[in-house]
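S.K.: I would like to see how this sequence folds:
(one chain, ligands or ions: 1)
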Amino acid sequence: MLIPEFSTPISGATRLAAVIGDPVRHSLSPAIHNAGFAAASLDWRYVALPVAAGRGADAVRAMDVLGIDGLSVTMPHKADVAAALDHHTPAVEALGVCNCVFRTDGGLVGDNTDGDGFVAAVESETTRRIAGSTVVVIGAGGAARSIIEALGRAGAASIGIVNRTVSAARSAAELADAASVVDLDAVPVADIVINTTSVGMLGGPVPDQSPVPAELLTDRQLVADIIYSPANTQLMIDASAAGATVMGGLPMLIHQAVAQFEHWTGVTAPLAAMSDAALSMAARARA
Ligand code: ATR
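M.R.: Residues are numbered from 1 along each chain as shown. The predicted model follows:
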């Protein structure tokens, strides 16, 4: 479904949500959220607003002034927006960056739904549970930090972090009691292996490569790549060949959006409609 069919035309009562970022024109979020609003028969619309670096706090004030009821936040505003808000979820308290702002009776609250979105993706797309699992995370950038913090709250038994730059891995390991810096030797004994680096990403520094040697993957594992373009990364191809369970990046993208949608509207998100929109937009972007 590329063009959502709204049962309500835009009127004076229509409520607005938006994503701020730079760049933001290629965001899949408008398609995902508008499909959700339409499927749930909500009189809401979602737009992408390019906002220059350094104007994140202004955008939060604008949200209040203009009565925007939901905000998604992407690069380069995640830290500025978190700093501009008085209220944060535990994820934002730990990470210092937010990807979502929602209204409560007590004021605007910043959340970071990326990590919880990853956990929800694993637990709804596979039979695996994070609680009690041994996990290896490849990478220690922004996405990795969100995931590591959420894995800790979800009760992972251990979270090993492998990263090219060891100081970044050490910093990320402070986000969860179960986390520590490891090397690739930890991969074969992990229940769940997650790539959060841009290795293998279309248009990234090293497309068509995998951050994990294929011989370290086993058929007992869930191997997740948060990259969604290409749909099948080299890591995912190698993991399938090893007999592992494989998950790509779209489920995390969808579930972080589901959490935002539910914060804003208080309504259970229509997962199927939002997934269909994400799948068709991602396929169109790759075409
Ligand atoms: P994101 O917000 O998507 O997490 P990021 O914060 O720039 O992006 O993090 C990128 C991650 O990919 C980092 O872990 C980075 O490793 P370094 O900390 O050593 O920079 C990793 N990365 C990027 N290119 C890489 C490459 N060619 N080889 C290995 N790791 C790479």
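
S.K.: which strand or helix spans the spatially most central residue of the chain?
M.R.: The residue lying closest to the centre of the chain (CA atoms, centre = their mean) is Asp114, at 3.3 Å. According to DSSP states H and E, Asp114 maps onto helix 113-125.

S.K.: need the three-state assignment for the nearest residue to the residue nearest to the centre of the chain once chain neighbours are set aside.
M.R.: Spatial nearest neighbour of Asp114, excluding adjacent residues (CB to CB, 6 or more residues apart in numbering): Ser146 at 3.9 Å. C-beta here means a position set from N, CA and C on the backbone, and glycine is covered the same way. With DSSP: H, G, I helix; E, B strand; the rest coil as the basis, Ser146 sits in helix.

S.K.: contacts only, for Ser146.
M.R.: Ala91, Leu95, Val97, Asn112, Asp114, Gly115, Phe118 (CB atoms under 8 Å, 6 or more residues apart in numbering).

S.K.: again, but for Val24
M.R.: By CB under 8 Å, 6+ apart, the residues touching Val24 are Ala48, Leu49, Pro50, Val51, Thr74.

S.K.: ok, now Ala59?
M.R.: Neighbouring residues of Ala59 by CB under 8 Å, 6+ apart: Ile20, Leu49, Val51, Leu71, His77, Val81.

S.K.: so which of these belong to strands?
M.R.: Using DSSP state E, the subset of the contacts of Ala59 located in strands is Ile20, Leu49, Leu71.

S.K.: what about the second one, distance to the ligand?
M.R.: When you say that, I think you mean Leu49. The gap separating Leu49 from the ligand is 20 Å, by CB to the nearest ligand atom, to the nearest Å.

S.K.: show me the beta-bridge partners of that residue.
M.R.: For Leu49, the beta-bridge assignment (DSSP bridges) gives partners Ile20.

S.K.: ok, and for stretch 218-230, which residues are buried?
M.R.: For stretch 218-230, the buried set under the neighbour-count rule, 16 or more other CB atoms under 10 Å, comprises Thr218, Gln221, Leu222, Val223, Ala224, Asp225, Ile226, Ile227, Tyr228, Ser229, Pro230.

S.K.: between which two of those is the distance greatest?
M.R.: Largest separation among the buried residues of stretch 218-230 by CB to CB: Thr218 and Ser229, giving 26.4 Å.

S.K.: can I get stretch 74-84 in PDB? Just the C-alpha atoms.
M.R.: Extracted in PDB, the C-alpha atoms of stretch 74-84 (Å, rounded to 0.1, in the frame of the first residue of the first chain):
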ATOM      1  CA  THR A  74      16.700  11.800  13.500                       C
ATOM      2  CA  MET A  75      20.200  12.900  12.700                       C
ATOM      3  CA  PRO A  76      21.600  15.400  13.700                       C
ATOM      4  CA  HIS A  77      19.100  16.400  16.400                       C
ATOM      5  CA  LYS A  78      18.900  13.400  18.700                       C
ATOM      6  CA  ALA A  79      21.100  14.800  21.500                       C
ATOM      7  CA  ASP A  80      19.900  18.400  21.200                       C
ATOM      8  CA  VAL A  81      16.300  17.400  21.500                       C
ATOM      9  CA  ALA A  82      17.000  15.200  24.500                       C
ATOM     10  CA  ALA A  83      18.800  18.200  26.200                       C
ATOM     11  CA  ALA A  84      15.900  20.500  25.400                       C
END
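
S.K.: show me where the stretch 1-150 of the chain has helices.
M.R.: Using DSSP state H, counting those that start in this stretch, the helices found in the stretch 1-150 of the chain span residues 29-39, 56-66, 78-84, 90-95, 113-125, 142-153.

S.K.: contacting residues for the nearest residue to Ala84 once chain neighbours are set aside?
M.R.: Leaving aside its sequence neighbours, Ala84 sits nearest to Ala57 (CB to CB, 6+ apart; 3.8 Å). Residues in contact with Ala57 (CB under 8 Å, 6+ apart) are Asp80, Val81, Ala83, Ala84.

S.K.: at 10 Å instead, please
M.R.: With contacts defined as CB atoms under 10 Å, 6 or more residues apart in numbering, the neighbours of Ala57 are His77, Asp80, Val81, Ala83, Ala84, Leu85.

S.K.: ok, the nearest residue to the second one once chain neighbours are set aside - how many residues close by?
M.R.: Okay, so that is Asp80. Take Asp80 and drop its neighbours on the chain: the residue closest to it by CB to CB, 6+ apart is Gly56, 3.2 Å away. Here the count is done by other CB atoms under 10 Å, and Gly56 has 23 residues near it.
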